[in-house]
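# Please work out how this folds:
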Amino acid sequence: RGQVEQRALPRSARADQRHRLAGGHVQRNPFQDGTGAAGGSPGDLDQAEERRAAPWDVGRERLVGAAPVLEGVSLDVAPGEAVALVGASGSGKSTLLHLAAGLREPSSGRVERALPTVKRVPPVMLALEYPERQLFARTVAEDAAAALWIEGVPADERARRAERALREVDLDPERFAERAPGTLSEGEKRRAALASFLIEPPLVLLWDEPTAGLDPEGRRALRTALARLRDRGRAILFASHDLDFVSAVADRVLVLGREPGGPGRILGGGAPEAVWDDASLLARGSLPVPEFHALARALRERGCLPPGRVRDGDALIAALSRSAAPLAW
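A predicted model of the protein is given here:
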């Protein structure tokens, strides 16, 4: 197996840091200490802070004695950008998220993540499928502010920031702050879990199947919350089979796939609409054309839908409501 190296960027370069995965050799920092900074002697700490790396980059993930799971994967995610991973089950989407989060190490290649200038900000968080199963506190507000409690943030500030985080996920603090998490609906639980990420948002949020089990109201609230996170300059990398949600949220879509018996690879990608129009790429990735996109294309061909981008199903309904053309088949 390879090793992992935390490569440094000067402070002046941090404003343009991107979070990258790319093929190549990987080395572990021999000075890594328990603080998360490159160590050595105490006198080296200031220089280490100046050299803090951007961990991400991924060439190959391999199980011992098995064929590669992923190979030749190279991508980056910029601050304020949302990138979606799509593909058939088994194409390597979850493995790629685990590598990005540091839960697995690549057997070759490197993973670079921009480190925060504010030490309290987490560099990366991974939300697994059904994150609401991790709710544990007595109240929704306490759960949202749990990380702040661990950091020793005063109670009044915890309450204020929990209230703001709940509002960002469309949970009215007056109704939900003192509720027990177990009394919430499944969609409300998902939003409560997201509030715990937003209260101290990481530079990079990784999410595996964010819409699994959500009703339409929950999906819309999640979409709004992720948009607010992007507005705060956070990067989002997520995997999903929900192509309608992907189209609504993502700036870029990457299609993963594999030949029978071969490793997972990025087959192609681009803006959502460009990917949905690429029949060859979708076929290689064993993906259907999203239903809303196929319907929008058929309606345009019959003159029932005005020109313009239709991002998702909700946007299609809104466009039809504004159209003066009759529906004729």
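
# wait, what's in contact with R297?
Applying Cβ atoms under 8 Å, 6 or more residues apart in numbering to R297 gives no contacts. Just so you know, the C-beta spots here come from the backbone N, C-alpha and C atoms, and that holds for glycine as well.

# low pLDDT regions in the protein?
Along the chain, segments meeting pLDDT under 70 span 1-66, 323-329.

# And the strands in it?
Assigned by DSSP state E, the chain shows strands spanning 19-22, 60-62, 68-71, 75-77, 82-86, 110-112, 124-127, 204-208, 235-239, 252-257, 265-270.

# Okay, buried residues for stretch 278-294 please.
Judged by neighbour count (16 or more other Cβ atoms under 10 Å), stretch 278-294 contains these buried residues: D278, L281, L282, R284, G285, L287, V289, P290, F292, H293.

# And these, which two are furthest apart?
For those, the maximum inter-member distance is 21.8 Å, found between R284 and F292 (Cβ to Cβ).

# re earlier: could you export the buried residues of stretch 278-294 to CSV, including columns for distance to P154?
As requested, the buried residues of stretch 278-294 are exported to CSV (distance: Cβ to Cβ, whole Å):
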residue, distance to P154
D278, 53
L281, 52
L282, 52
R284, 54
G285, 50
L287, 49
V289, 52
P290, 47
F292, 47
H293, 49
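
# if we take the residues you listed, which one ends up nearest to E209?
Minimum distance to E209 across the buried residues of stretch 278-294 is 15.4 Å, recorded for L287 (Cβ to Cβ).

# so which of the strands of the chain comes closest to A137?
Ranking these by their distance to A137 (criterion: Cβ to Cβ) puts strand 124-127 first, at 17.1 Å.

# Quick one: residues contacting R158.
By Cβ under 8 Å, 6+ apart, R158 lies in contact with A145, L148, W149.

# From P202, how far out is it?
Applying Cβ to Cβ, to the nearest Å, the value for R158 to P202 is 18 Å.

# which ones among the buried residues of stretch 278-294 are found in helices?
Those of the buried residues of stretch 278-294 mapping onto helices are L281, L282, R284, F292, H293, per DSSP state H.

# picking up where we left off before, most neighbours among the contacts of R158, which one?
Ranked by the number of neighbours (other Cβ atoms under 10 Å), these place A145 first, at 29 neighbours.

# re earlier: now, which of the contacts of R158 sits nearest T224?
Nearest to T224 among the contacts of R158, counting by Cβ to Cβ, is A145 at 21.1 Å.

# For that closest one, give me its contacts.
With Cβ under 8 Å, 6+ apart, A145 has these contacts: V153, R158, A159, R161, A162, A165, S196, I199.

# Next, format those as a markdown table and append distance to L299.
Formatted as a markdown table, the contacts of A145 follow (distance: Cβ to Cβ, whole Å):
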| residue | distance to L299 |
| --- | --- |
| V153 | 52 |
| R158 | 50 |
| A159 | 49 |
| R161 | 45 |
| A162 | 45 |
| A165 | 40 |
| S196 | 41 |
| I199 | 42 |
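
# so how far is the lengthiest helix in the chain from its chain's centroid?
The longest helix of the chain (DSSP H) is helix 216-231. Chain-centre distance of helix 216-231: 12 Å, with Cα atoms, centre = their mean, to the nearest Å.

# How many neighbouring residues does A192 have?
With other Cβ under 10 Å as criterion, A192 counts 26.

# same check, this time on the one 10 residues further on
Burial of P202 is recorded as 20 neighbouring residues (other Cβ under 10 Å).

# what's the spacing between it and L96?
Separation of P202 from L96 (Cβ to Cβ): 17 Å.

# what's the answer for R230, then?
From R230 across to L96, the span is 20 Å (Cβ to Cβ).

# These two: which is more packed in?
The neighbour comparison of R230 against L96 (other Cβ under 10 Å) goes to L96, with 28 against 17.

# gap between that one and E151?
Distance from L96 to E151, by Cβ to Cβ: 30 Å.

# Next step: the contacts of R158 restricted to helices.
Using DSSP H, the members of the contacts of R158 that fall within helices are L148, W149.

# wait, which of the contacts of R158 is closest to G109?
Nearest to G109 out of the contacts of R158 is L148 (Cβ to Cβ; 35.2 Å).
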